[in-house]
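Student: starting from these lines, generate the structure:
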Amino acid sequence: MMEVTTINNIVVKNWATGLDQHAVQEVENLCKLPFVFKHIALMPDAHGGKGMPIGGVLATKGVVVPNAVGVDIGCGMCAVKTNIKVDDITQEVLRKKILRGIRKQIPLGRAHHKIAQPEEFMPQGHNLEATVVVARQQMSAMKQIGTLGGGNHFIELQRDEEDNLWIMIHSGSRNLGKQVGDYYNEKAEALNRRWFSSVPSEIQLPFLPMRTDEFRQYWAEMSYCIDFALANRRLMMQRIQEVIGEVMPGAEFEPMINIAHNYAAFEKHFGEDVIVHRKGATLAREGSVGIIPGSQGTCSYITEGLGNPESFMSCSHGAGRRLSRSEAVNTLSMESEIAMLERQGIVHSIRTKTDLEEAAGAYKNIDEVMEAQSDLVKIRTKLMPIAVIKG
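Tutor: So this is what the prediction gives:
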C-alpha cells in the first residue's frame, strides 16, 4: 500500500517497495522541480530510468518535461482475445506454423521492413508540415511501422483461465520516438541554459513552458508518436491475426484493447488543469480497461481502473525491473531460468547469456506488484504465457 514521505517540501506518494538507489536519487531530483503539482506518485513497479524513474507519475502546471515522458514515446500494450482453445493447438502447429509465421511477418529487434509499408497504416489527421523530426523521419518510419523492436518489447501468446488463446504485444514508437524525445530534450536544455533556469542541468529534467513555440512543436510531435506507436501495434496485431487465421480456420478475434504508458496529457486533477506525465505508468480511471504484463514465465493481467486520485488515476505498466540489465546477465543462472520456463511448457526466447536481461528473474514478482496496487486497479482476467517472441 501507499507510503507518504516529504522531500524538499514536495510530497511523494509511493506504492513501490525496495526502490533501487538510482530511482531514489531520481525521486529526490524530481522534488527539486519548482512546477510540481500536488505530489509525485510512484507506482509499485518503479525503478531507475533516465531523469525520472520508470513507474513515475509527474503532474505539472504549465510545462512539459520531455525526459519525464522518455524516448519511447507512446510505448504501450495491446491485447486481443480469440475464440480458439489453447488445448486445440498442437506443439507442432504452435512452433512451426504460428510462431514461424509471426517471425516471417514481423521484423524483430533492430530490423525494419525492407520496403516502406502502405501509407494507410500510418497515423492520419496530423499536420506533418508543422513537425520537424517527424517530417524528416517519415520515410524511415514507414519501414518501421509493424516492427517489434528490442529490449523489453515482446509478442506473447497466452491462455486465460477458460483456456482461450490471447495475443499480447508490447511495443512503442521505435526509432521515431527516440529521435523526437532526444531532439526536444536537447532543445529544452539549451533554452533552460538561456533562461538561467533554477532546475539543475545535471538532473536531466529540462522543461518547455506552454507559452513557447517549442512546447507546441514538442506536443504536436509527441502526439504523432503516440499515434504511431498505436498504429505500429495495430499493424502487428493485424498480421498476427492473419497468421493465426490461416492456421486455425474459424478463428475469431475480439476488439483490440490498447493502452500507452509513456506520454504526457492534459488532464484535470484535484479541480485543476494540469499536464500529467506517465513514464512507465498507465491510466487507471474508474472503469478504464488496462493491461499489466508480467515477464517471461509469469502471468499478465487485464485490469479495470479504480480512479484513485492519489495516483493521478494511474497504475503500474508491468512488473518492473528488479535487476539492471548488467546485473541480470552477471547474476542470473541461464540454466535455472530456462528450466523454470520449460517446466511450465512455455516456448521462450532465452538462447544466450545476453537474453538474461529479459529473464523473469530480472523482474519484480508480478503478484506482489498487483497486491500493492489493489487500491488502483482490480483484476478482470489472468493470463498465462504459452509462447514468447522477444526482439
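Student: the stretch 101-250 of the chain: strands as residue ranges?
Tutor: 154-159, 164-171, 208-209 (DSSP state E, counting those that start in this stretch).
Student: the first one: how far from the chain's middle?
Tutor: Put plainly, it is strand 154-159. Relative to its chain's centre, strand 154-159 lies at 16 Å (Cα atoms, centre = their mean, to the nearest Å).
Student: the second one now?
Tutor: Centre-to-centre, strand 164-171 and its host chain are 14 Å apart (Cα atoms, centre = their mean).
Student: partner strands of it, with direction?
Tutor: Here strand 164-171 is paired, per DSSP bridges, with strand 76-85 (antiparallel), strand 154-159 (antiparallel).
Student: dump those to JSON lines, plus mean pLDDT.
Tutor: Shown next, in JSON lines, are the strands paired with strand 164-171 (pLDDT from 0 to 100):
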{"stretch": "strand 76-85", "mean pLDDT": "98"}
{"stretch": "strand 154-159", "mean pLDDT": "97"}
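Student: can I assume Arg322 is in contact with Ala359?
Tutor: No: the pair Arg322 / Ala359 is not scored as a contact, 10.6 Å apart, by Cβ atoms under 8 Å. In short, each C-beta sits where N, CA and C put it, glycine included.
Student: who wins for proximity to Glu246 among the strands of the stretch 101-250 of the chain?
Tutor: Comparing these by their distance to Glu246 (Cβ to Cβ), the top pick is strand 164-171, with 14.5 Å.
Student: same list (the strands of the stretch 101-250 of the chain) but as JSON lines, adding mean neighbour count and distance to Cys78.
Tutor: Listed next are the strands of the stretch 101-250 of the chain as JSON lines, based on neighbours: other Cβ atoms under 10 Å; distance: least, Cβ to Cβ, whole Å:
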{"stretch": "strand 154-159", "mean neighbour count": "23", "distance to Cys78": "10"}
{"stretch": "strand 164-171", "mean neighbour count": "24", "distance to Cys78": "5"}
{"stretch": "strand 208-209", "mean neighbour count": "19", "distance to Cys78": "29"}
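Student: pipe these into TSV and attach distance to Gly391 per row.
Tutor: Output for these, formatted as TSV (distance: least, Cβ to Cβ, whole Å):
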stretch	distance to Gly391
strand 154-159	7
strand 164-171	8
strand 208-209	31
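Student: closest one to Val329 among those?
Tutor: That would be strand 154-159 among those, by Cβ to Cβ, at 18.1 Å.
Student: still on that earlier bit, of all the strands of the stretch 101-250 of the chain, which lies closest to Glu186?
Tutor: Of all the strands of the stretch 101-250 of the chain, strand 208-209 comes closest under Cβ to Cβ, at 11.5 Å.
Student: now that closest one, how far from the centre of its chain.
Tutor: Distance, centroid of strand 208-209 to centroid of chain: 24 Å (Cα atoms, centre = their mean).
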